[in-house]
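**Q** Below: sequence and its predicted model.
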Amino acid sequence: MSQTDPLSALESVIRERMQADPDSSYVARLHAKGRAKIAQKVGEEAVETVIAAMAGNAEELTSEAADLLFHLLVLLAESGLSLDDVRGELARREGVSGLEEKASRQG
Ligand SMILES: N=c1c2ncn([C@@H]3O[C@H](COP(=O)(O)OP(=O)(O)OP(=O)(O)O)[C@@H](O)[C@H]3O)c2ncn1[C@@H]1O[C@H](COP(=O)(O)O)[C@@H](O)[C@H]1O
(Lines give C-alpha, C1' and ligand atoms only; values in the text may rest on other atoms or scores of the structure.)
Protein backbone atom coordinates (compact mmCIF):
# COMPACT_ATOMS: atom_id res chain seq x y z
CA MET A 1 0.00 0.00 0.00
CA SER A 2 1.46 3.35 -0.97
CA GLN A 3 1.71 6.01 1.74
CA THR A 4 1.70 9.74 1.16
CA ASP A 5 4.46 11.50 3.05
CA PRO A 6 3.22 14.12 5.55
CA LEU A 7 4.56 17.13 3.62
CA SER A 8 2.89 15.96 0.39
CA ALA A 9 -0.35 15.36 2.31
CA LEU A 10 -0.16 18.88 3.77
CA GLU A 11 0.54 20.30 0.30
CA SER A 12 -2.67 18.67 -0.98
CA VAL A 13 -4.68 20.04 1.95
CA ILE A 14 -3.25 23.52 1.32
CA ARG A 15 -4.22 23.44 -2.39
CA GLU A 16 -7.73 22.37 -1.43
CA ARG A 17 -8.13 24.94 1.35
CA MET A 18 -6.96 27.82 -0.86
CA GLN A 19 -10.42 27.62 -2.47
CA ALA A 20 -12.27 27.52 0.88
CA ASP A 21 -14.12 30.33 2.66
CA PRO A 22 -11.63 32.72 4.35
CA ASP A 23 -14.00 32.85 7.35
CA SER A 24 -13.42 29.14 7.99
CA SER A 25 -9.88 28.58 6.71
CA TYR A 26 -6.53 30.12 7.64
CA VAL A 27 -5.06 28.97 4.28
CA ALA A 28 -7.92 30.62 2.37
CA ARG A 29 -7.42 33.79 4.42
CA LEU A 30 -3.71 33.86 3.53
CA HIS A 31 -4.59 33.21 -0.14
CA ALA A 32 -7.01 36.15 -0.07
CA LYS A 33 -4.31 38.43 1.37
CA GLY A 34 -1.95 37.57 -1.48
CA ARG A 35 1.63 36.57 -2.15
CA ALA A 36 3.31 39.56 -0.47
CA LYS A 37 1.56 38.86 2.86
CA ILE A 38 2.39 35.15 2.61
CA ALA A 39 6.02 35.96 1.84
CA GLN A 40 6.06 38.26 4.87
CA LYS A 41 4.74 35.41 7.06
CA VAL A 42 7.53 33.12 5.76
CA GLY A 43 10.05 35.79 6.77
CA GLU A 44 8.52 36.14 10.24
CA GLU A 45 8.46 32.39 10.79
CA ALA A 46 12.09 32.13 9.62
CA VAL A 47 13.14 34.76 12.16
CA GLU A 48 11.18 32.97 14.92
CA THR A 49 12.90 29.72 13.92
CA VAL A 50 16.33 31.35 14.19
CA ILE A 51 15.48 32.83 17.60
CA ALA A 52 14.33 29.43 18.89
CA ALA A 53 17.51 27.78 17.57
CA MET A 54 19.73 30.37 19.22
CA ALA A 55 17.83 29.97 22.50
CA GLY A 56 18.63 26.25 22.37
CA ASN A 57 14.96 25.38 22.89
CA ALA A 58 14.36 22.13 20.95
CA GLU A 59 10.59 22.09 21.50
CA GLU A 60 10.19 25.69 20.39
CA LEU A 61 12.52 25.12 17.41
CA THR A 62 10.44 22.12 16.29
CA SER A 63 7.24 24.16 16.53
CA GLU A 64 8.67 27.18 14.68
CA ALA A 65 10.20 24.93 11.99
CA ALA A 66 6.73 23.41 11.45
CA ASP A 67 5.24 26.93 11.12
CA LEU A 68 8.01 27.84 8.67
CA LEU A 69 7.52 24.74 6.50
CA PHE A 70 3.74 25.21 6.52
CA HIS A 71 3.97 28.85 5.39
CA LEU A 72 6.66 27.97 2.81
CA LEU A 73 4.31 25.36 1.31
CA VAL A 74 1.55 28.00 1.15
CA LEU A 75 3.98 30.41 -0.59
CA LEU A 76 5.04 27.74 -3.11
CA ALA A 77 1.39 26.88 -3.88
CA GLU A 78 0.53 30.57 -4.22
CA SER A 79 3.45 30.93 -6.66
CA GLY A 80 2.35 27.98 -8.82
CA LEU A 81 5.16 25.77 -7.56
CA SER A 82 5.11 22.43 -5.79
CA LEU A 83 7.21 20.34 -3.46
CA ASP A 84 8.15 18.26 -6.53
CA ASP A 85 9.77 21.35 -8.05
CA VAL A 86 11.88 21.73 -4.91
CA ARG A 87 12.59 17.98 -4.77
CA GLY A 88 13.76 18.17 -8.40
CA GLU A 89 16.12 21.03 -7.62
CA LEU A 90 17.54 19.18 -4.61
CA ALA A 91 17.97 16.02 -6.69
CA ARG A 92 19.80 18.07 -9.33
CA ARG A 93 22.24 19.20 -6.63
CA GLU A 94 22.77 15.70 -5.22
CA GLY A 95 26.41 14.76 -5.02
CA VAL A 96 27.62 18.29 -5.82
CA SER A 97 29.61 19.61 -2.89
CA GLY A 98 28.32 22.99 -1.71
CA LEU A 99 31.90 24.18 -1.47
CA GLU A 100 32.68 23.12 -5.06
CA GLU A 101 29.52 24.77 -6.35
CA LYS A 102 30.41 27.96 -4.47
CA ALA A 103 33.97 27.92 -5.90
CA SER A 104 32.62 27.46 -9.47
CA ARG A 105 30.65 30.70 -9.06
CA GLN A 106 33.68 32.75 -8.04
CA GLY A 107 35.50 34.22 -11.00
N1 LIG B 1 -0.18 23.21 9.57
C2 LIG B 1 -0.93 24.18 9.67
C3 LIG B 1 -0.52 25.35 10.40
N4 LIG B 1 0.62 25.66 11.05
C5 LIG B 1 0.44 26.90 11.53
N6 LIG B 1 -0.79 27.37 11.23
C7 LIG B 1 -1.39 28.67 11.58
O8 LIG B 1 -0.50 29.67 11.21
C9 LIG B 1 -0.81 30.84 11.97
C10 LIG B 1 0.50 31.51 12.20
O11 LIG B 1 0.77 31.77 13.51
P12 LIG B 1 1.05 33.24 13.98
O13 LIG B 1 1.15 33.16 15.45
O14 LIG B 1 2.17 33.86 13.23
O15 LIG B 1 -0.31 33.89 13.45
P16 LIG B 1 -1.12 35.11 13.88
O17 LIG B 1 -0.82 35.50 15.30
O18 LIG B 1 -2.54 34.77 13.52
O19 LIG B 1 -0.49 36.21 12.93
P20 LIG B 1 -1.09 37.08 11.77
O21 LIG B 1 -1.41 36.14 10.63
O22 LIG B 1 -2.32 37.74 12.32
O23 LIG B 1 0.04 38.01 11.41
C24 LIG B 1 -1.60 30.37 13.19
O25 LIG B 1 -2.93 30.81 13.05
C26 LIG B 1 -1.54 28.85 13.08
O27 LIG B 1 -2.72 28.20 13.52
C28 LIG B 1 -1.42 26.44 10.49
N29 LIG B 1 -2.66 26.43 9.92
C30 LIG B 1 -3.01 25.31 9.23
N31 LIG B 1 -2.21 24.21 9.10
C32 LIG B 1 -2.65 23.04 8.29
O33 LIG B 1 -3.48 23.48 7.26
C34 LIG B 1 -4.71 22.79 7.31
C35 LIG B 1 -5.81 23.67 6.77
O36 LIG B 1 -6.03 24.77 7.64
P37 LIG B 1 -7.27 25.73 7.40
O38 LIG B 1 -7.04 26.41 6.10
O39 LIG B 1 -7.28 26.71 8.55
O40 LIG B 1 -8.48 24.86 7.38
C41 LIG B 1 -4.89 22.38 8.77
O42 LIG B 1 -5.73 21.27 8.89
C43 LIG B 1 -3.45 22.04 9.15
O44 LIG B 1 -3.15 20.73 8.68
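**A** The structure has been received and is ready for your questions.

**Q** in this structure, what spans have low per-residue confidence?
**A** 1-2, 107 (pLDDT under 70).

**Q** Pull up the residues of it that are close to the ligand.
**A** Leu10, Val13, Arg17, Ser25, Tyr26, Val27, Ala28, Asp67, Phe70 (CB under 6 Å from any ligand atom). Every C-beta, even on glycine, is put in place using the N, C-alpha and C of the backbone.

**Q** Would you tell me what the next helix or strand after the helix or strand containing Ala9 is?
**A** Ala9 belongs to helix 6-17 when elements are defined using DSSP states H and E. Remark: after helix 6-17, the chain's next helix or strand is helix 26-33, criterion DSSP H and E.

**Q** outside of the next helix or strand after that next one, which residues touch it?
**A** Counting by DSSP H and E, the next helix or strand C-terminal to helix 26-33 is helix 35-55. When contacts are defined by CB atoms under 8 Å, 6 or more residues apart in numbering, helix 35-55 is touched by residues 30-31, 60-61, 63-65, 67-68, 71-72, 74-75, 78-79.

**Q** same thing but 10 Å
**A** The contact list for helix 35-55 (CB atoms under 10 Å, 6 or more residues apart in numbering) reads 27, 29-31, 33, 57-79.

**Q** Which positions within it qualify as buried?
**A** Ile38, Ala39, Lys41, Val42, Glu45, Ala46, Glu48, Thr49, Ala52 (16 or more other CB atoms under 10 Å).

**Q** How about stretch 93-105?
**A** Buried, per 16+ other CB under 10 Å, within stretch 93-105: nothing.

**Q** From the chain's centroid, how far away is that stretch?
**A** Put simply, stretch 93-105 sits 23 Å off its chain's centre (CA atoms, centre = their mean, to the nearest Å).

**Q** Excluding chain neighbours, what is closest to the residue nearest the centre of the chain?
**A** With distances taken as CA atoms, centre = their mean, Leu72 lies nearest the centre of the chain, 2.3 Å away. Spatial nearest neighbour of Leu72, excluding adjacent residues (CB to CB, 6 or more residues apart in numbering): Val42 at 5.6 Å.
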